[in-house]
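Engineer: I'll drop the sequence and a predicted model, then ask my questions.
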Amino acid sequence: MPKAFSIHNTLLFLLSIVFIGVNGYFLFHGNYYLSFLPVAISIIYFSFYKTKELLFFVILCTPFSLNLEQLSLGNVGFYLPTEPILFGLMILLSIRALLRGTYDKHFVNHPVTLSVLFYLLWMAITVFTSSNPIISLKFLIAKLWFVIPLFFYLIVVFKQKENMYRVVWLYLISLSLVVLITLIRHYTWGFDQKAAHWIMSPFYKDHTSYGAIVAFYIPLAIGLLSRKKNSAIIQYILILFLVILSVGLLYSYTRAAWVSLVAALGVWGLFKLKIHVKYVVLLALFSGFVGVQYYTDISIALSKNKTDSSENISKHIESISNVSTDASNLERINRWNCALRMFEERPVFGWGPGTYAFEYAPFQHSSEITVISTNFGNKGNAHSEYLGALSEMGVLGLFSFLVLLFFVFYRGSMLYIKLQDKELKTLLLSVMLALVSYFVHGVLNNYLDTDKASVPVWTCFAIIVAMDIYHSKNRLPFT
């Protein structure tokens, strides 16, 4: 045994010397590609033998991932190092599942799982009817490399309770560092509101995507802070992270993120006051009825608001309802109207997943074009998770997405009532509030085509399903 070990070490040493020599030669001649070989070999090894750890590494890296398009290294919005690894894991995990051929019936029959499959199936169908099938196929594959590792695989990983906490910690640590770096850079610019639009680059493409994820992790940080088994040092670290995220959110100047966090706070109040869901539905229906009845009066009132976005926080908040002069709000309405017109032309199958940016330009009306409008699809998407799905995948596309969200929040709410483990109950509530913040923000923006948003969102979906299946003694029906 020692002799064999010695031979292996000697062989590894010799191969390392050869690699260093060959790589040095290529580096001298300006070729850097061979330097990535050890990284590639390590990723392949971990993919086969340490799959869980590699996926945890991806989650840790996500806040720091870099977009090739933003770095002017290509015309493809591809994030490194996360998406190539997720693509490889998608293939590996799919092959493993096919070879194994056995499935947990509780997992497969879970309403959230079935909703995910329905959503993906309809997306696949609309690839064939797409105005640009190549773009739509790429979009579907990209969606799968998030869903398969971060939802289907993580649910099994979450059989172990601690892993649910680990994945929240991993993203939170990196995100807090990104926010801290951003705040330091922002400080050198005097926390200027205009600088807030780009100061988080290259880690986040703009202040809205950055603000959405910072808002997402504030409830999760509070949830971790409520854990009784934390040591004093862990509590101090979490308080520090929470302060960093809160200041980061404030100086992101992201109005939608502020609104989303207020919505999450409202939902928290509903849970704590134990208000029955039927009253919430009645209130929502009543609010909708009032909105329709007094639509004209509301529109006139909003048109009188001339307050534009500003460094002054109170004026910035007031500008949220300015649909007369605020360019950001007007452009959002322009994109929404384009999405609705696209839906009217193709109501059943839509224009195809991922095609909005390439198709919406002809649907712009001259009366709605703003100073920040473009015909090249290079300044954001439909600015709505919901209208984006409607325009790209038709009425069933939006329906499948809403069904998925309904079962995520319905099952999560029912589970919260029945769950006996108080520690898991707190984690579940923080996960649901984080998702509330994102999908309220999703009315105004859409980021689920990026790793920054997809990694935490699909991870939180997996946490809810795993708790429902593996950690609830009083298992709910249909699981």
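Structural biologist: Yep, it's here.

Engineer: Give me the mean pLDDT for the longest helix seen in the chain.
Structural biologist: Assignment by DSSP state H gives helix 385-418 as the longest helix of the chain. For helix 385-418, the mean per-residue pLDDT is 95.

Engineer: Report the mean per-residue pLDDT for the helix or strand following it.
Structural biologist: Once helix 385-418 ends, the next helix or strand along the chain (criterion: DSSP states H and E) is helix 422-441. For helix 422-441, the mean per-residue pLDDT is 96.

Engineer: Alpha carbons of the following helix or strand past helix 422-441, in PDB - could you do that?
Structural biologist: Downstream of helix 422-441, the first helix or strand assigned by DSSP H and E is helix 451-470. This file holds the C-alpha atoms of helix 451-470, laid out as PDB (Å, rounded to 0.1, in the frame of the first residue of the first chain):
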ATOM      1  CA  ASP A 451     -28.600  32.900 -12.500                       C
ATOM      2  CA  LYS A 452     -28.800  35.800 -10.000                       C
ATOM      3  CA  ALA A 453     -32.600  35.300  -9.500                       C
ATOM      4  CA  SER A 454     -33.100  31.700 -10.700                       C
ATOM      5  CA  VAL A 455     -30.700  30.100  -8.200                       C
ATOM      6  CA  PRO A 456     -32.400  31.500  -5.100                       C
ATOM      7  CA  VAL A 457     -35.900  31.200  -6.400                       C
ATOM      8  CA  TRP A 458     -35.700  27.600  -7.500                       C
ATOM      9  CA  THR A 459     -33.800  26.800  -4.300                       C
ATOM     10  CA  CYS A 460     -36.600  28.200  -2.200                       C
ATOM     11  CA  PHE A 461     -39.200  26.200  -4.200                       C
ATOM     12  CA  ALA A 462     -37.100  23.100  -3.400                       C
ATOM     13  CA  ILE A 463     -37.000  23.900   0.300                       C
ATOM     14  CA  ILE A 464     -40.800  24.200   0.400                       C
ATOM     15  CA  VAL A 465     -41.400  20.900  -1.400                       C
ATOM     16  CA  ALA A 466     -38.700  19.100   0.700                       C
ATOM     17  CA  MET A 467     -40.200  20.300   4.000                       C
ATOM     18  CA  ASP A 468     -43.600  19.200   2.800                       C
ATOM     19  CA  ILE A 469     -42.400  15.700   1.800                       C
ATOM     20  CA  TYR A 470     -39.600  14.900   4.200                       C
END
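
Engineer: these two touch, right, L89 and L55?
Structural biologist: Yes: L89 is within contact range of L55, at 6.5 Å (criterion: CB atoms under 8 Å). C-beta coordinates here come from the backbone N, C-alpha and C atoms, glycine included.

Engineer: of the two, who's got more company?
Structural biologist: L55 (25 against 22; other CB atoms under 10 Å).

Engineer: For the stretch 201-350 of the chain, which segments are assigned as helices?
Structural biologist: Along the stretch 201-350 of the chain, the stretches classed as helices by DSSP state H, counting those that start in this stretch are 207-225, 232-250, 255-273, 277-293, 295-303, 313-318, 327-345.

Engineer: In the third one, which residues are buried?
Structural biologist: Same thing as helix 255-273. For helix 255-273, the neighbour count (16 or more other CB atoms under 10 Å) marks R255, A256, A257, W258, V259, S260, L261, A263, A264, V267, W268 as buried.

Engineer: Quick one: these as a markdown table, columns for pLDDT and distance to F128 too.
Structural biologist: Formatted as a markdown table, the buried residues of helix 255-273 follow (pLDDT from 0 to 100; distance: CB to CB, whole Å):
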| residue | pLDDT | distance to F128 |
| --- | --- | --- |
| R255 | 89 | 39 |
| A256 | 89 | 34 |
| A257 | 93 | 37 |
| W258 | 93 | 41 |
| V259 | 92 | 38 |
| S260 | 94 | 35 |
| L261 | 95 | 40 |
| A263 | 93 | 37 |
| A264 | 95 | 38 |
| V267 | 92 | 38 |
| W268 | 94 | 43 |
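
Engineer: Between these, which sits nearest H441?
Structural biologist: S260 (4.0 Å; CB to CB).

Engineer: From P63, how far out is that closest one?
Structural biologist: Noted for S260: a distance of 18 Å to P63, by CB to CB, to the nearest Å.

Engineer: Lowest average confidence across the helices of the stretch 201-350 of the chain, which one?
Structural biologist: Across the helices of the stretch 201-350 of the chain, the lowest-scoring stretch is helix 295-303, with a mean of 49.

Engineer: and the longest helix of the chain, what other elements does it pack with?
Structural biologist: Packed against helix 385-418, as judged by 3 or more CB pairs under 8 Å, 6 or more residues apart in numbering; DSSP states H and E, are the following elements: helix 111-128, helix 327-345, helix 356-359, helix 422-441, helix 451-470.

Engineer: hmm, back to that, give me the common contacts of L89 and L55.
Structural biologist: P149, Y153 (CB atoms under 8 Å, 6 or more residues apart in numbering).

Engineer: highest average neighbour count across the helices and strands packed on helix 385-418?
Structural biologist: Mean neighbour count (mean count of other CB atoms under 10 Å) peaks for helix 451-470 among the helices and strands packed on helix 385-418, with a mean of 24.

Engineer: quick revisit: export the buried residues of helix 255-273 to JSON lines and tack on distance to I372?
Structural biologist: Converted to JSON lines, the buried residues of helix 255-273 look like this (distance: CB to CB, whole Å):
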{"residue": "R255", "distance to I372": "16"}
{"residue": "A256", "distance to I372": "16"}
{"residue": "A257", "distance to I372": "19"}
{"residue": "W258", "distance to I372": "21"}
{"residue": "V259", "distance to I372": "21"}
{"residue": "S260", "distance to I372": "22"}
{"residue": "L261", "distance to I372": "25"}
{"residue": "A263", "distance to I372": "26"}
{"residue": "A264", "distance to I372": "29"}
{"residue": "V267", "distance to I372": "32"}
{"residue": "W268", "distance to I372": "35"}
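
Engineer: Identify, from those, the entry nearest to Y360.
Structural biologist: Nearest to Y360 among the buried residues of helix 255-273, with distances taken as CB to CB, is A256, at 20.0 Å.

Engineer: dump the residue contacts of the closest residue to that closest one other than its chain neighbours.
Structural biologist: Excluding its sequence neighbours, the residue lying closest to A256 (CB to CB, 6 or more residues apart in numbering) is L444, at 4.3 Å. Counting by CB under 8 Å, 6+ apart, L444 makes contact with A256, V259, R332, H383, S384.

Engineer: Now with 7 Å, please.
Structural biologist: Applying CB atoms under 7 Å, 6 or more residues apart in numbering to L444 gives the contacts A256, R332, H383, S384.

Engineer: Which one of these is nearest to L433?
Structural biologist: A256 (16.3 Å).

Engineer: List the contacts of the closest one.
Structural biologist: T208, H441, L444, N445.

Engineer: next one: L396
Structural biologist: L396 makes contact with W122 under the criterion CB under 7 Å, 6+ apart.

Engineer: and it, how far is that from F358?
Structural biologist: Counting by CB to CB, the gap from L396 to F358 is 21 Å.

Engineer: Check A382 too.
Structural biologist: Distance from A382 to F358, by CB to CB: 12 Å.
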